[in-house]
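# Pasted the sequence and its predicted model underneath.
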Amino acid sequence: MIVHGGGEKLLELMARQGHPMDAPCGGKGICGKCRVRISGGVSPLAEIEREHLTPEELAGGWRLACQCRVNGEAQVELDGSGSARILTEGGAETIEGLAGVQAAVDIGTTTIAAYLLVDGKVADCEAAMNPQRAFGADVISRVDYVINHEDGLALLSDLVRSQVDELIGRMTARRRVRPEEIQRVALVGNPIMTHILSKIDPRAIAAAPYTPAYREAFFTRGLLKSAPEAEQFVGGCVAGYVGSDTIAAAMAAGMDQSDEMSLLLDIGTNGEIALGGRSRMLCCAAAAGPAFEGAHIKYGSGAVDGAIDRVWAEDGALRCHVLGGGQARSICGSGLVDAVAALIDLEILDETGRMDGAEVALLDGVALTQRDVREVQLAKGAIAAGIDILMREMGVAEADIQNLYLAGGFGNYIDKASACKIGLLPPSLLNRVKPIGNAAGAGARLMLKGPERAEALRRHMEYLELSGRKDFQELFSEKMLF
């Protein structure tokens with residue numbers, strides 16, 4: 001690939017030209033995952049690149065895209081990692097009472113899923129990685145970019161709008177639907193994603209008291225070129241870190257219409273939790289970090305070809321399965337949970353998370369490090385503590401919970417027993433775990449019928465802010481143990 005630049009960092013240049021790269025650390029040079037082979041007009045080697053690249057790699061022309069600046073013309077070869085597997089399944093395929101053409105979109109921090117409906121039936125779906133990942137794996141990195149760059153909000157908004165337009169455009173072309181025929185588009189996501197989509201400044205969410213600029217859902221026009229005549233519905237926010245994707249997931253699970261006590265977990269780049277039913281519902285956001293999406297894990301990645309997605313102990317040794325069946329290159333979230341559980345079974349990890357040695361080899365070229373284990377402990381400790389806080393506030397015990405709904409790709413693919421083994425999920429609820437697929441996308445489709453149900457649920461959900469709570473800090477420390 002040929003690129004032309006005037007001194008910009010290659011990472012930003014690639015994103016602006018429609019080829020975003022993964023940069024979990026937000027371009028700070030910490031993770032070392034934005035690797036490219038490049039030649040031509042480039043800046044001198046930065047010292048931080050020597051920390052991530054071997055002498056052989058440096059001699060071969062490999063650089064970090066977040067450190068390398070392009071001056072003039074350069075030839076770029078990406079560190080290919082295969083195509084990602086993005087979950088789109090889940091929820092009803094037909095929404096009764098809808099006529100005509102509509103679209104629903106779930107804008108996740110990592111992935112985007114879009115659906116085209118004709119007369120209430122899902123006619124097509126498309127998915128892609130969120131192009132904003134070039135500016136960090138987590139939402140705070142994205143907000144930092146908005147704050148520190150004059151055109152940051154416009155750039156990130158344009159990137160995600162263009163990606164949504166592309167997905168909708170593919171579907172309408174395949175189904176021979178004219179863009180002007182789309183009557184309504186429902187858009188959901190976490191608050192920072194929907195703020196950026198709508199070009200609403202999200203910076204107030206990133207600092208206490210974490211207040212979104214808007215809460216009520218709203219209708220607008222003009223966000224998407226792929227649906228120029230459509231009424232576009234942007235879901236509302238419960239709080240700064242619980243948004244319309246969580247509302248949509250709870251709708252898809254039917255929690256707002258059930259008398260049963262249910263627990264909903266959406267463990268993606270962000271960790272949202274809801275507990276309750278028709279009479280009362282509590283929710284919170286646990287700052288789990290993006291470890292389960294592969295960020296901050298030495299060999300971590302999404303669910304791509306070459307990623308270890310399953311690990312188990314057999315005859316006193318580790319066994320692994322690799323997506324695509326080829327050479328192992330990385331480990332994704334489901335494999336990460338399995339690996340930790342297997343190391344506990346083999347007594348390589350103790351209850352504090354300490355392992356013998358700095359790392360444990362999984363397959364040639366991929367290992368689990370002590371730091372990786374600590375990242376898992378931080379993530380699962382936050383989720384587990386959040387669950388306990390909600391149960392305390394609701395006045396219920398694990399025995400009272402009839403359903404544990406797991407939403408999203410990670411929740412759909414993890415091994416339930418492994419998740420219980422490491423304490424990410426309450427072990428007593430193992431037999432009540434129900435993966436519900438892309439529940440945010442399913443709920444977004446339900447929202448096409450109108451805003452009433454979603455808005456009623458938004459007002460019904462009581463938000464608990466975990467930061468600053470003494471009981472959360474105590475539980476967090478306790479739940480980090482295996």
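Everything's here; your move.

# From what I see, Lys355 and Asp372 are in contact.
Just to correct that, residue 355 is Met rather than Lys. No: with contact defined as C-beta atoms under 8 Å, Met355 does not reach Asp372; the gap is 9.7 Å. Every residue, glycine included, has its C-beta placed from N, CA and C.

# low-scoring stretches of the stretch 201-350 of the chain, by residue?
289 (pLDDT under 70).

# Now do the helices in it.
Taking DSSP state H, counting those that start in this stretch to define them, one finds helices in the stretch 201-350 of the chain at 244-253, 333-345.

# Mind putting these into a markdown table with distance to Leu406 and mean neighbour count?
Compiled in a markdown table, those are given as follows (distance: least, C-beta to C-beta, whole Å; neighbours: other C-beta atoms under 10 Å):
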| stretch | distance to Leu406 | mean neighbour count |
| --- | --- | --- |
| helix 244-253 | 10 | 30 |
| helix 333-345 | 12 | 26 |
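
# circling back: Met355 and Asp372: which is more packed in?
Set side by side, Met355 and Asp372 show more neighbours around Asp372, with 23 against 18, by other C-beta atoms under 10 Å.

# Distance of the nearest residue to the more buried one once chain neighbours are set aside relative to Leu318?
Spatial nearest neighbour of Asp372, excluding adjacent residues (C-beta to C-beta, 6 or more residues apart in numbering): Ile297 at 4.9 Å. Separation of Ile297 from Leu318 (C-beta to C-beta, to the nearest Å): 17 Å.

# just Phe482 next, same as before
Distance of Phe482 to Leu318, given as C-beta to C-beta: 17 Å.

# so where do the strands sit in the stretch 251-400 of the chain?
With DSSP state E, counting those that start in this stretch, the ranges of strands along the stretch 251-400 of the chain come out as 262-267, 271-276, 281-286, 307-314, 317-322, 330-331, 359-363, 366-369.

# Repeat that for the stretch 1-150 of the chain.
Using DSSP E, counting those that start in this stretch, strands in the stretch 1-150 of the chain cover 2-9, 35-42, 62-64, 69-78, 101-107, 111-118, 121-129.

# which of these is buried the deepest?
Stretch with highest mean neighbour count among these: strand 101-107 (a mean of 28; mean count of other C-beta atoms under 10 Å).

# so what does that one touch, helix or strand wise?
On a contact count with 3 or more C-beta pairs under 8 Å, 6 or more residues apart in numbering; DSSP states H and E, strand 101-107 meets strand 111-118, helix 152-174, strand 182-189, helix 191-197, helix 244-253, helix 439-447.

# Now for the residue nearest to Asp372: which residues touch it?
Taking C-beta atoms under 8 Å, 6 or more residues apart in numbering, we find Ile297 in contact with 291, 331, 336, 372, 375.

# Distance-wise, check the closest residue to the last one other than its chain neighbours relative to Gly254.
With C-beta to C-beta, 6+ apart as the criterion, Glu375 has its nearest non-adjacent residue at 4.3 Å, and that residue is Ala291. In this structure, Ala291 lies at 30 Å from Gly254, with C-beta to C-beta as the measure.

# which one of these two has more residues nearby?
For Ala291 versus Gly254, neighbours defined as other C-beta under 10 Å are more numerous around Ala291 (24 against 16).
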